[in-house]
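Sequence first, predicted model second:
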Amino acid sequence: MNDWKNIALWTVALAVLGYTFFFRGVADAGAKEAVKAGAKLVDVRTPQEFAAGHIEGAVNIPVQEMDARMAEFGPKDGVVVVYCRSGARSATAKSKLEAAGYKTVHNLGAMSNW
């Protein structure tokens, strides 16, 4: 019976870690350094969220507008750093950019990771 308890415990632990890393986003350790070196910093939240506060130097391209505004991310061989409120939208943005051919995309995750 203890084996089942251990399996259940590990399943829950892995689910929590999976949620944290894949859905909420994990702060990319190289994001700040990339911005200091000239990367494009993009806030993928709504314009209302952006107006309420954002990281200095960021531009606002909401994740739901990305397909229509892809050219605004700059050249595909450039470096892009994306962030949002919790990390979920920035994870989506990173995936979209990589699928579009962007080579170096950093996911800061939540703006609070700055």
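Now that the structure is in, tell me what you want to look at. What you see is a predicted model, and the numbers here were worked out from it, not measured in a lab. Numbering: from 1, shown residues only.

going forward, measure contacts and count neighbours with C-alpha atoms only.
Will do.

List the residues that contact residue 102.
With contacts taken as CA atoms under 8 Å, 6 or more residues apart in numbering, residue 102 has the following neighbours: 75-78.

how does it look with 10 Å?
Residues in contact with residue 102 (CA atoms under 10 Å, 6 or more residues apart in numbering) are 73-80, 94-96.

next SSE after the helix or strand of the chain with the lowest mean pLDDT?
For the chain, using mean pLDDT, DSSP states H and E, the weakest element among its helices and strands is helix 2-18, scoring a mean of 60. As assigned by DSSP states H and E, the chain's next helix or strand after helix 2-18 is helix 31-36.

In terms of secondary structure, what does that following helix contact?
With contacts taken as 3 or more CA pairs under 10 Å, 6 or more residues apart in numbering; DSSP states H and E, helix 31-36 sits against strand 40-43, strand 79-84, strand 104-110.

pLDDT averaged over that helix, what's the number?
This predicted structure assigns helix 31-36 an average pLDDT of 90.

Between the two ends of stretch 98-108, how far is it?
End-to-end span of stretch 98-108 (CA to CA, to the nearest Å): 15 Å.

how far out from the middle of the chain is it?
With CA atoms, centre = their mean, to the nearest Å as the basis, the distance from the averaged C-alpha position of stretch 98-108 to the chain average is 10 Å.

Check which residues of it are buried.
Residues 102, 104-108 are the ones in stretch 98-108 that count as buried (16 or more other CA atoms under 10 Å).

got a markdown table for these, with distance to residue 46 and pLDDT too?
A markdown table is the format used below for those (distance: CA to CA, whole Å; pLDDT from 0 to 100):
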| residue | distance to residue 46 | pLDDT |
| --- | --- | --- |
| 102 | 22 | 97 |
| 104 | 23 | 95 |
| 105 | 20 | 95 |
| 106 | 19 | 94 |
| 107 | 17 | 95 |
| 108 | 17 | 95 |
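
mind putting the residues you listed in TSV, distance to residue 52 included?
Putting these into TSV (distance: CA to CA, whole Å) gives the following:
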residue	distance to residue 52
102	29
104	28
105	25
106	23
107	21
108	19
